[in-house]
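[1] whatever this is, show me its structure:
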Amino acid sequence: QVQLIEIGGGAVQSGGSLSLSCVASGGSLGRYSMAWFRQAPGKEREFVAGSTWHGIVQYADFAKGRFTVSLDDAQDRLSLQMNTLNTDDTATYYCAAAHTWAQIRANEIEYWGRGTQVTVSS
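    Residues are numbered from 1 along each chain as shown. Next up is the predicted model:
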């Protein structure tokens, strides 16, 4: 059974940077699309950024220009570099995988990670 494991996260001051990684264990996710979602307290889970297995990336509007996502398909590793963080970025960040990008955008996720907390203080 494939499991997604998020690495990174933590606490940072506004304007700072954090890096997240997600790795697949227990099996291979070759040619899967992968993405980051986040959920803040009292809010719905939302798409952050993601990549198809062949490297086409997409960002939520709030992430454009600040976040960079990359997928190493051979290593089953999804990374997210987050810069210029602000308090609105405080949330639990989840790694997700699905066989197609359409599934990702339709929130038809096949695998979810357990999440990692990102806290941005002012």
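[2] residue boundaries of the helices in this protein?
    Counting by DSSP state H, the segments of the chain that form helices are 101-105.
[3] that one: strands as residue ranges?
    Under the criterion DSSP state E, the chain carries strands at the ranges 3-8, 10-13, 18-25, 33-39, 46-51, 57-59, 67-72, 77-82, 91-98, 111-112, 116-121.
[4] tabulate these (TSV), appending distance to I104, mean pLDDT and mean neighbour count.
    Glycine gets a C-beta too; all of them are placed from N, C-alpha and C. Supplementary listing: the strands of the chain in TSV, determined by distance: least, CB to CB, whole Å; pLDDT from 0 to 100; neighbours: other CB atoms under 10 Å:
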stretch	distance to I104	mean pLDDT	mean neighbour count
strand 3-8	13	96	17
strand 10-13	26	98	12
strand 18-25	13	96	19
strand 33-39	5	97	24
strand 46-51	6	97	21
strand 57-59	9	97	16
strand 67-72	12	95	18
strand 77-82	11	96	22
strand 91-98	5	98	23
strand 111-112	11	96	16
strand 116-121	19	98	17
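[5] contacting residues around the residue nearest the centre of the chain?
    By CA atoms, centre = their mean, the mean C-alpha position of the chain lies nearest to W36, the distance being 2.1 Å. Applying CB atoms under 8 Å, 6 or more residues apart in numbering, one finds that W36 lies in contact with 20, 22, 47-50, 69, 78, 80, 93-96.
[6] at 7 Å what do you get?
    Under the criterion of CB atoms under 7 Å, 6 or more residues apart in numbering, the neighbours of W36 are 20, 48-50, 69, 80, 93-95.
[7] same check, this time on L78
    Contacts of L78 were listed using CB under 7 Å, 6+ apart, and they are 22, 34, 51, 71, 95.
[8] and these as JSON lines, adding distance to Q103?
    Below are the contacts of L78 laid out as JSON lines (distance: CB to CB, whole Å):
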{"residue": "C22", "distance to Q103": "17"}
{"residue": "M34", "distance to Q103": "11"}
{"residue": "S51", "distance to Q103": "14"}
{"residue": "L71", "distance to Q103": "15"}
{"residue": "C95", "distance to Q103": "15"}
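[9] wait, which of these is closest to G42?
    Sorting these by how near they are to G42, with CB to CB, puts C95 at the top with 21.9 Å.
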